[in-house]
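> Just to be clear, the model below is a prediction. Sequence and coordinates:
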Amino acid sequence: ETGVTQSPTHLIKTRGQQVTLRCSSQSGHNTVSWYQQALGQGPQFIFQYYREEENGRGNFPPRFSGLQFPNYSSELNVNALELDDSALYLCASSNPGQAYEQYFGPGTRLTVT
Amino acid sequence: AQSVSQHNHHVILSEAASLELGCNYSYGGTVNLFWYVQYPGQHLQLLLKYFSGDPLVKGIKGFEAEFIKSKFSFNLRKPSVQWSDTAEYFCAVIGNTPLVFGKGTRLSVIA
């Protein structure tokens, strides 16, 4: 069984640029959630996708957007990057019927300069 | 909106000492509670979870947590810590919103 994978591992972008982060969910999981973890903080919920539709969103501006594909992989897009967007971005997938048990990927470290 | 408070930012213990990490949440309705652990260089892993039933739940690696509804608490315990327990521990809750995490407690276990 393959776990949750994320790419890239690290990324450096300049303020104002756009970035796309990718996530492959664990085999059999159809729900994907994205979290932002700033240094010294716990993960903060960005949004969740279920069967290619957004299924809940945290307190993040519209420049944070996402997609889920038919194979349940997902993308997180961030436009007009700001310095405060520097963080570890975590993807988590969950099983049908066990949406509360989330399995996390290793994360993508984004640095905005 | 619900929130989670973890009282200790950094805990330092000697091997074989007992551990208790505090966690309080703010939501008054039905909750599902979790403890996650992040070992150095590894991703978040589920330690244990509470959905319903026995308020004392046991997780992996000898950890347990007790849900006390009247205190809105879900403290994590381990009778005897090992050096390998050195990690960041996060309490999380699902109530009327998706998973909300606390800020985490760093545990350092020294020989």
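Nice, thanks for sending it over. Residues are numbered from 1 along each chain as shown, chains lettered A, B, ... in the order given.
> List the residues that contact the residue in chain B that chain A sits nearest to.
Nearest to chain A in chain B, going by C-beta to the nearest C-beta, is B:F101, at a distance of 3.3 Å. For the C-beta atoms, the positions are set from N, CA and C on the backbone; glycine is no exception. Counting by C-beta atoms under 8 Å, 6 or more residues apart in numbering or on different chains, B:F101 touches A:35, A:42-44, B:4, B:36, B:90-92.
> run the last query once more with 6 Å
Counting by C-beta atoms under 6 Å, 6 or more residues apart in numbering or on different chains, B:F101 touches A:42-43, B:90, B:92.
> do A:A80 as well
Per C-beta under 6 Å, 6+ apart, neighbours of A:A80: A:16, A:63.
> in its sheet, what does the helix or strand bottoming out on mean pLDDT in chain A sit against?
Every helix and strand of chain A was ranked by mean pLDDT, DSSP states H and E. The lowest is strand A:98-104, at a mean of 79. In its sheet, strand A:98-104 lies beside strand A:87-95 (antiparallel), with partners assigned from DSSP bridges.
> Distance from the chain centre to the strand it pairs with, please.
How far strand A:87-95 lies from its chain's middle: 5 Å, per C-alpha atoms, centre = their mean, to the nearest Å.
> mean confidence score for that strand?
The average pLDDT for strand A:87-95 rounds to 93.
> What's the local residue count around B:L76?
23 (other C-beta atoms under 10 Å in any protein chain shown).
> So in terms of bridging, what pairs with it?
B:L21, B:A65.
> correct me, but it touches B:L21?
Yes. Between B:L76 and B:L21 there is a contact under C-beta atoms under 6 Å: 4.4 Å.
> for chain B, what are the nearby residues on chain A?
When proximity is defined as C-beta under 6 Å from any C-beta of the partner chain, chain A approaches chain B at A:41-43, A:45, A:56, A:100, A:104, A:106.
> Next up, the contacts around A:C23.
A:6, A:74, A:91.
> swap in B:S73?
Applying C-beta under 6 Å, 6+ apart, the residues contacting B:S73 are B:N24.
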